[in-house]
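S.K.: Output the structure for:
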Amino acid sequence: MAMADELKRLNEAAGREGYWLHRASVPRALAVGQRMSKAGLSRCSLKVRAGRIERIVPAVEHEAAARDIADGLPSLDLDGGLLVCAWVDAHTHLDKGHISPRTGECGGGLLAAIAATQADAAHWTPDDLARRMAFSLRSAYAHGTRAMRTHIDWVSADAPPAWEVAHALQRDWRDRIELQCAALCPPELFAHAGDGERIARAVANRRAVLGAFVYPMAGVEKLVDRVFALAERFDLWLDFHVDEHLQPNVDATRAILAAARRTGMGHRVLCGHCCSLGVVASATADELLAEFASVGATIVSLPFTNLYLQDRQALRAPRMRGLAPLREAHTQGVKLALASDNHRDPFLPFGDLDPLQTLALASYAAHLEQPFERWIQTVTTTPATALGLPWDGVLREGAPADLVLLRARDSMEACSRPQADRRIVRAGRFVETVLPDYRELDAPQRCTSARATHPA
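M.R.: Prediction:
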């Protein structure tokens, strides 16, 4: 039987008697919710019915359960291929995505990228934003992402046009990607009490996330305290860009951790970048990582953008990687996530919002051995918990059947090739995974309402 016909048969059975996925290799951390130190893969079969995982039969029980499994239901033999929960991408910038064809590669560091993006913002009409942001969501969905948080640049007391566009897309995509929106504000905005309250109220009205980028600056402690006070008042979660630089200065990180401890809000706090933790003295880094673990805040490392931007100088190769010390953070018990960050904009002229690519890149750059066996939680369960999603991503009986299936059988195979033949299962049904063509962005009228993926 042709594969397309086989998948159609499985989809037809999905809402009735169900079907089986046999001989799947599942990371143990996802199968039983163990820590990443509990490495390795488990072989099992899963029964999918009515959009959920109905049964999980470990390989050691195959002989005893043979009669139960041989129930005549449709099945797909994965032949040892990896099976994981759908990805969660905790830190992206949909409002900036795909502007590189206009800006070109700025070729500079972080400040040059900021300047190039600000210059392009004159083109950010609602139509332009909707076209680019929808294209990004279609790409992410085709790669297997089920939830995402996007930051939206917010530079004055008034909400930017991208804020409304993002929430319209949030409604349009609610059955495919759970999209969260975070206001990304310069901390100086919160120096004026009225402006800060206005922003926080607008964020709360959308049930969104309050965010700011903080860096070495005078009075950073007071500004961070004001952000936390607004979050407490309006019952908001917090997401910071923090210490995205290579100076041995971690004052902003200290300020956030101190406020998180004082308020008890650590479980609601994400700290993106944290590049400076990779250059400070080891004792200082260890002290701060222990505090991250103690207050329960999550570090989100962003290897694509920070490898591209940090330590960038003309006519000289980079000496530093610009990444948080992930191995040390893991040893300390810090909650760690990896995310896509920028894509096809002045901060990163490449990228396609594929968390599998992010995991593979981090494994090269940060020496994360066996990424699927040991670090898979960084793009699945940890960001799911940090974003407060209803499902933590652990593959248990009764959990949603939102899955990514790979032909690759382990990390060596999965990170050696692009995995373009992955299969995506959403609510128990196999979906087509056709990536949108970049040419669509050349003609706005062609892609404003297109959907690249649909049930097979």
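S.K.: CA atoms for contacts and neighbours, from now on please.
M.R.: Will do.
S.K.: domain parsing for the chain?
M.R.: Split into domains by automatic domain parsing, the chain comes to 3-85+394-431, 87-386.
S.K.: now the end-to-end length of the longest one.
M.R.: Distances were taken as Cα to Cα, to the nearest Å; on that basis the terminal residues of domain 87-386 are 13 Å apart.
S.K.: Find out how far it is from the centre of the chain, if you would.
M.R.: 10 Å (Cα atoms, centre = their mean, to the nearest Å).
S.K.: Can you report the mean pLDDT over the residues of that domain?
M.R.: Per-region confidence: domain 87-386 scores 96 on mean pLDDT.
S.K.: which residues in the stretch 301-450 of the chain form helices?
M.R.: Using DSSP state H, counting those that start in this stretch, the helices assigned to the stretch 301-450 of the chain run over residues 303-309, 326-332, 355-365, 371-374, 381-386, 411-414.
S.K.: Tell me which of these lies nearest to Ala283.
M.R.: helix 326-332 (11.3 Å; Cα to Cα).
S.K.: May I see the buried residues of the biggest helix by length in the chain?
M.R.: In the chain, taking DSSP state H as the definition, the longest helix is helix 126-143. Of the residues in helix 126-143, 128-143 count as buried by neighbour count, 16 or more other Cα atoms under 10 Å.
S.K.: swap in stretch 289-296?
M.R.: Those would be Leu289, Ala290, Glu291, Phe292, Ala293, Val295, Gly296, for stretch 289-296 by 16+ other Cα under 10 Å.
S.K.: So the fifth one sits against Leu336, correct?
M.R.: No - the pair Ala293 and Leu336 does not pass the contact test of Cα atoms under 8 Å, sitting 10.0 Å apart.
S.K.: sorry, back to before: kindly present the buried residues of stretch 289-296 as JSON lines, with separate columns for secondary structure and distance to Val280.
M.R.: Compiled in JSON lines, the buried residues of stretch 289-296 are given as follows (DSSP: H, G, I helix; E, B strand; the rest coil; distance: Cα to Cα, whole Å):
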{"residue": "Leu289", "secondary structure": "helix", "distance to Val280": "12"}
{"residue": "Ala290", "secondary structure": "helix", "distance to Val280": "15"}
{"residue": "Glu291", "secondary structure": "helix", "distance to Val280": "15"}
{"residue": "Phe292", "secondary structure": "helix", "distance to Val280": "16"}
{"residue": "Ala293", "secondary structure": "helix", "distance to Val280": "18"}
{"residue": "Val295", "secondary structure": "helix", "distance to Val280": "21"}
{"residue": "Gly296", "secondary structure": "coil", "distance to Val280": "22"}
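S.K.: and His192, how many residues sit next to it?
M.R.: Per other Cα atoms under 10 Å, the neighbour tally for His192 reads 12.
S.K.: And it, how close does it get to Val334?
M.R.: 34 Å.
S.K.: For the strand or helix carrying Glu164, which outside residues touch it?
M.R.: Using DSSP states H and E, the element containing Glu164 is helix 161-172. The contact list for helix 161-172, computed with Cα atoms under 8 Å, 6 or more residues apart in numbering, reads 95, 124-126, 129-130, 133-134, 152, 178-181, 206.
S.K.: Apart from its neighbours in sequence, what residue is nearest the residue nearest the centre of the chain?
M.R.: Against the mean C-alpha coordinate of the chain, by Cα atoms, centre = their mean, the closest residue is Asp89 at 1.2 Å. Nearest non-adjacent residue to Asp89, counting by Cα to Cα, 6 or more residues apart in numbering: Met148, 4.7 Å away.
S.K.: tell me what the helix or strand where that neighbour lies is packed against?
M.R.: Assigned by DSSP H and E, Met148 belongs to strand 145-153. Secondary-structure packing of strand 145-153 (3 or more Cα pairs under 8 Å, 6 or more residues apart in numbering; DSSP states H and E): strand 87-92, strand 178-185.
S.K.: Walk me through which strands the longest one pairs with, and which way each runs.
M.R.: Counting by DSSP bridges, the strands paired with strand 178-185 are strand 145-153 (parallel), strand 209-214 (parallel).
S.K.: would you list the ones you listed in JSON lines and tack on mean neighbour count and distance to Pro436?
M.R.: Converted to JSON lines, the strands paired with strand 178-185 look like this (neighbours: other Cα atoms under 10 Å; distance: least, Cα to Cα, whole Å):
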{"stretch": "strand 145-153", "mean neighbour count": "25", "distance to Pro436": "15"}
{"stretch": "strand 209-214", "mean neighbour count": "25", "distance to Pro436": "29"}
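S.K.: And those strands: which comes nearest Asp437?
M.R.: Comparing these by Cα to Cα, strand 145-153 comes nearest, at 18.3 Å.
S.K.: Can you give the contact residues for the closest one?
M.R.: With Cα under 8 Å, 6+ apart, strand 145-153 has contacts from 86-95, 160, 162-163, 176-185, 211, 354-355, 384, 387, 402.
S.K.: Next, the angle helix 126-143 makes with that strand.
M.R.: Interaxial angle of strand 145-153 relative to helix 126-143 (axes from the mean of the first three to the mean of the last three Cα atoms, to 10 degrees): 150 degrees.
S.K.: pull the CA atoms of stretch 418-433 into CSV?
M.R.: These are the backbone C-alpha positions of stretch 418-433, laid out as CSV (Å, rounded to 0.1, in the frame of the first residue of the first chain):
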residue,chain,number,x,y,z
PRO,A,418,17.8,17.7,7.8
GLN,A,419,14.9,15.2,8.6
ALA,A,420,12.8,16.6,5.8
ASP,A,421,10.8,13.4,5.7
ARG,A,422,9.5,13.8,9.3
ARG,A,423,5.8,13.1,9.8
ILE,A,424,3.6,15.4,11.9
VAL,A,425,0.6,14.1,13.9
ARG,A,426,-1.8,16.6,15.4
ALA,A,427,-4.8,15.6,17.5
GLY,A,428,-4.1,12.0,16.3
ARG,A,429,-4.2,12.8,12.6
PHE,A,430,-1.3,12.9,10.2
VAL,A,431,-1.0,16.3,8.5
GLU,A,432,0.7,17.3,5.4
THR,A,433,4.1,19.1,6.0
